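> only geometry, no sequence info:
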């Protein structure tokens with residue numbers, strides 16, 4: 001299994017050695033890199049994803065027509081006026097008075113335009129109890145939420161004067177403001193609390209303030225540099241706020257993890273009696289290499305999102321890839337330099353009751369290892385077959401609900417429940433005017449929009465949209481003569497029920513449009529809107545699942561094969577990671593779809609998994625789970641190279657890494673769990689899924705299944721067919737003794 005070489009080699013070892021010898025240069029280069037990245041990124045500015053590039057298909061075509069025509073769609077608002085009892089009708093005097101008051105009040109704010117009375121637009125419900133006053137906000141639709149408050153206050157004033165009626169406003173601007181007020185601080189609090197939580201856990205893990213601050217400092221500087229790089233790269237691949245949030249999460253997780261791996265190994269070697277120089281060289285050659293293998297694997301996994309063709313996923317994938325790469329480079333360059341500079345001062349700020357000197361042998365990850373994991377391993381290795389069957393069976397049982405996974409874009413009430421009054425308004429509008437709150441839009445582009453054939457087709461479309469049962473009306477046509485564009489608004493039957501609304505959309509696309517607008521030569525008529533966007537997003541996402549899964553799995557397999565030169569290790573790595581992801585899927589379905597224990601996380605009544613989450617979780621988890629796997633297997637392989645039996649090597653590798661893996665996992669679980677406390681169900685699902693998967697991965701997978709499988713395989717763990725011997729050798733093959741021997745002569749530079 002190895003070539004028996006004793007020389008130290010590998011990028012990590014060379015980088016660590018250079019940094020240790022040129023410490024001030026290494027630190028200076030890192031600081032300069034971070035400052036330059038931030039400065040250039042700030043000067044360049046961030047280019048965000050355009051609506052027209054958000055999706056492919058008809059949604060993209062419609063947005064492109066609107067964009068090319070220079071049509072600025074305003075933020076539309078609606079005021080629902082409804083009798084609270086069953087007797088009040090829109091024809092009653094008090095109802096008419098309320099409508100007049102609403103029109104006068106909103107128009108009087110000076111913030112709106114095109115105020116339309118329901119008696120003119122015929123937006124009165126079939127039962128006559130409800131009516132809609134419609135208008136548009138002045139100015140840019142993207143910032144309308146900042147200007148809508150006076151309008152909301154005006155509507156609230158009319159409501160106070162007419163207590164017998166229900167008078168409520170809803171629209172894109174009012175929803176922007178409501179969500180920003182309700183959840184903007186929620187997100188910021190979650191992001192800000194992630195760093196103190198990580199620092200607190202590191203203080204417990206290291207028992208020293210300086211040692212705990214180093215991983216956090218590395219993660220924060222890596223995130224800062226990546227934010228600058230995102231500004232630069234966004235001119236080629238546009239970014240968005242979602243990519244920024246995901247980058248922060250991933251950057252904090254891997255930045256702390258990589259630094260933790262490195263620091264713990266350096267501390268362990270010093271505790272074993274080695275001098276600081278030798279300890280640092282060993283950490284660079286072993287943990288440094290594990291960091292590079294893990295980082296490259298995570299980068300490959302994140303790159304899988306680039307194959308979706310979805311702009312948001314592409315932005316998230318590229319941002320995550322960059323922060324992982326930056327954190328990885330920082331871990332193997334500036335960290336060794338800082339450790340060399342600090343020396344024993346890395347133990348400054350000791351916490352007497354938490355420092356490892358006071359906890360020796362109690363799961364600190366020291367040379368004596370963890371008593372808890374030692375006890376678990378004793379049982380696992382005594383009965384590996386039984387342990388494998390029980391652990392794998394338990395995870396398969398947990399994963400089983402995933403077979404019935406239902407994915408959809410969550411409706412407003414699914415996403416926010418009854419926490420916001422605007423959700424109830426949304427439901428009341430949809431009940432009275434099915435599809436009226438989120439109508440489909442047909443964007444018609446013609447050479448001459450006023451040509452007789454086009455006008456006839458537009459009229460036919462309006463008639464058949466209602467006649468086919470896809471809509472109950474009213475179907476409005478907004479002509480833009482100068483641009484030869486018409487926008488048809490079609491309330492879909494089904495309203496907020498996406499399954500029923502989806503069938504109405506299919507009627508429009510497959511029957512109504514071909515028989516009307518489709519017969520006019522040279523006319524484009526893509527259909528967009530919330531339901532259409534959800535439909536197109538789902539189709540594109542489903543089409544990208546196989547390529548993304550294949551890319552991530554195949555490249556992860558090849559990296560494991562090259563890094564460990566073992567076909568067996570590569571195969572077991574993939575299988576164990578897939579099992580971990582499957583278990584996370586099962587937990588998500590059980591909690592959020594079936595409602596088992598949903599009250600514990602505030603997820604009652606969701607009934608589905610948001611569409612983008614399964615693929616997102618697969619990519620993120622497959623990458624992050626490799627952190628622990630590479631680190632643990634590297635220690636096992638290292639012990640095997642030093643002459644231990646496979647069983648002893650497994651015990652040594654798992655027990656000596658237990659403290660590091662536990663600390664890293666606790667940090668990840670804590671950070672992800674913070675997002676599981678947010679009010680938005682999509683963010684809650686992401687947080688719970690990530691936290692559950694990392695917890696499973698760091699305990700059952702690495703502590704039970706991995707050692708059980710390796711114990712059963714024995715020497716077959718290191719099997720590599722002869723025909724694969726020509727593959728590049730990316731192993732390091734050095735033991736601590738080999739590294740130490742290269743550092744004895746102080747007069748000679750360390751060969752790393």
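Sure thing, it's come through. As the structure is a computational prediction, the values presented were derived from the model and not from experiment.
> Could you use CA atoms for every contact and neighbour count after this?
Noted.
> residue ranges with poor pLDDT in the stretch 251-400 of the chain?
Filtered on pLDDT under 70, the stretch 251-400 of the chain yields the residue ranges 353-370.
> In it, what residue spans correspond to helices?
276-285, 287-303, 311-332, 334-342, 371-382, 384-399 (DSSP state H, counting those that start in this stretch).
> can you redo those as CSV with mean neighbour count and distance to residue 202?
CSV is the format used below for the helices of the stretch 251-400 of the chain (neighbours: other CA atoms under 10 Å; distance: least, CA to CA, whole Å):
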stretch, mean neighbour count, distance to residue 202
helix 276-285, 26, 19
helix 287-303, 27, 18
helix 311-332, 26, 16
helix 334-342, 22, 16
helix 371-382, 17, 20
helix 384-399, 17, 29
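> And those helices: which comes nearest residue 165?
helix 311-332 (42.2 Å; CA to CA).
> That closest one vs helix 276-285, what angle?
150 degrees (axes from the mean of the first three to the mean of the last three CA atoms, to 10 degrees).
> still on that earlier bit, which one of the helices of the stretch 251-400 of the chain lies closest to residue 541?
Taking the helices of the stretch 251-400 of the chain one by one with CA to CA, helix 311-332 is closest: 9.8 Å.
> Show me what the closest one is packed against.
helix 11-21, helix 51-54, helix 209-233, helix 241-271, helix 287-303 (3 or more CA pairs under 8 Å, 6 or more residues apart in numbering; DSSP states H and E).
> any chance of the helices of the stretch 251-400 of the chain in CSV, with distance to residue 515 too?
Formatted as CSV, these follow (distance: least, CA to CA, whole Å):
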stretch, distance to residue 515
helix 276-285, 69
helix 287-303, 43
helix 311-332, 33
helix 334-342, 66
helix 371-382, 68
helix 384-399, 47
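> Just say which of the helices and strands packed on helix 311-332 is most tucked in.
helix 287-303 (a mean of 27; mean count of other CA atoms under 10 Å).
> Can you show me the helices along the stretch 651-752 of the chain?
681-696, 706-713, 736-741.
> list the buried ones in the second one?
Okay, so that is helix 706-713. 706-712 (16 or more other CA atoms under 10 Å).
> Let's have those in CSV, adding distance to residue 278.
Listed next are these as CSV, based on distance: CA to CA, whole Å:
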residue, distance to residue 278
706, 31
707, 30
708, 33
709, 34
710, 31
711, 32
712, 35
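> which of these lies closest to residue 73?
residue 706 (56.1 Å).
> give me every residue that touches the closest one.
Counting by CA atoms under 8 Å, 6 or more residues apart in numbering, residue 706 makes contact with residue 576.
> That one and residue 637, how far apart?
13 Å (CA to CA, to the nearest Å).
> can I get the helices and strands packed on helix 311-332 in TSV with distance to residue 548?
Shown next, in TSV, are the helices and strands packed on helix 311-332 (distance: least, CA to CA, whole Å):
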stretch	distance to residue 548
helix 11-21	29
helix 51-54	19
helix 209-233	22
helix 241-271	18
helix 287-303	9
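> Ok, which of the ones you listed comes nearest residue 491?
helix 51-54 (21.4 Å).
> Please state the offset of the helix or strand following the closest one from the chain centre?
On the C-terminal side of helix 51-54, the closest following helix or strand by DSSP states H and E is helix 57-68. A distance of 26 Å separates the centroid of the chain from that of helix 57-68, by CA atoms, centre = their mean, to the nearest Å.
> circling back to that earlier point, any chance of JSON lines for the helices of the stretch 651-752 of the chain, columns distance to residue 280 and mean pLDDT?
Converted to JSON lines, these look like this (distance: least, CA to CA, whole Å; pLDDT from 0 to 100):
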{"stretch": "helix 681-696", "distance to residue 280": "29", "mean pLDDT": "88"}
{"stretch": "helix 706-713", "distance to residue 280": "28", "mean pLDDT": "94"}
{"stretch": "helix 736-741", "distance to residue 280": "10", "mean pLDDT": "52"}
